[in-house]
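Enquirer: Give me a 3D structure for the following:
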Amino acid sequence: MPFNDNLPAENTDPWYAPLNTAWTNLKSFVNALESALAFKANAADLGTAAEEDIEAFATAMQGQLADEAVPQTRTVAGKALTANITLVKADVGLSNVDNTSDANKPVSTAQAAALADKADVTDIIVLGVLDDGEVPPAPGVYLRRPAP
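Expert: The predicted structure is shown next:
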């Protein structure tokens, strides 16, 4: 239904001309909008069947696009990509990896032998204090006094 209401006849108010122009433009816009909407369907008239058809179409398209994106003949670690897959350490070559803390890891034979040759701190006896540059009189542990 066209929108044809007009403003009252022209008067001497200085705001009349710009208001009349805006009113005319608004009428043109509303009439164009009504014409465009006349060809559109009312969603309430379509019912749930149309909504279900749209959802089915979207689901089918999504499935088709997914099938085209990753061919189902591809595999990862011998598992087909037809659904979600779960990988384990062995699938990616990490079967011997664990989260053992450093303190709980075993010591090699070579490391154990090297540690056994070290002196225990409680077994060290300081034989004297040497001034800077002084040569120790005998083998042993000495403290060196820094130069002044």
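Enquirer: CA only for contacts and neighbour counts going forward, please
Expert: Noted.
Enquirer: give the contact list for the residue lying closest to residue 91 once chain neighbours are set aside.
Expert: Once flanking residues are discounted, residue 91 sits nearest to residue 77: 5.5 Å by Cα to Cα, 6 or more residues apart in numbering. Neighbouring residues of residue 77 by Cα atoms under 8 Å, 6 or more residues apart in numbering: 87, 91-92.
Enquirer: who wins for most neighbours among those residues?
Expert: Among the contacts of residue 77, residue 91 has the most neighbours (other Cα atoms under 10 Å), with 13 neighbours.
Enquirer: Contacts for whatever helix or strand residue 128 lives in, please.
Expert: Here residue 128, judged by DSSP states H and E, is contained in strand 126-130. Residues outside strand 126-130 that contact it (Cα under 8 Å, 6+ apart): 136, 140-145.
Enquirer: List the buried residues for stretch 127-139?
Expert: Neighbour-count burial for stretch 127-139 flags residue 136 (criterion: 16 or more other Cα atoms under 10 Å).
Enquirer: ah, wrong one, I meant stretch 25-44
Expert: By neighbour count with 16+ other Cα under 10 Å, stretch 25-44 contains the buried residues 27, 31.
Enquirer: For this protein, give me the ranges with low pLDDT.
Expert: Applying pLDDT under 70 to the chain flags residues 1-12, 41-52, 63-72, 121-123.
Enquirer: One more pass at 50, please.
Expert: Applying pLDDT under 50 to the chain flags the ranges 1.
Enquirer: and the chain, what are its domains?
Expert: Domain assignment for the chain by automatic domain parsing gives 1-40, 42-105, 108-148.
Enquirer: Nearest to the spatial middle of this structure, which residue is it?
Expert: Residue closest to the average C-alpha location in the chain (Cα atoms, centre = their mean): residue 84, at 19.0 Å.
Enquirer: Strands along the protein, start to end?
Expert: For the chain, applying DSSP state E gives strands covering 75-76, 79-80, 126-130, 141-144.
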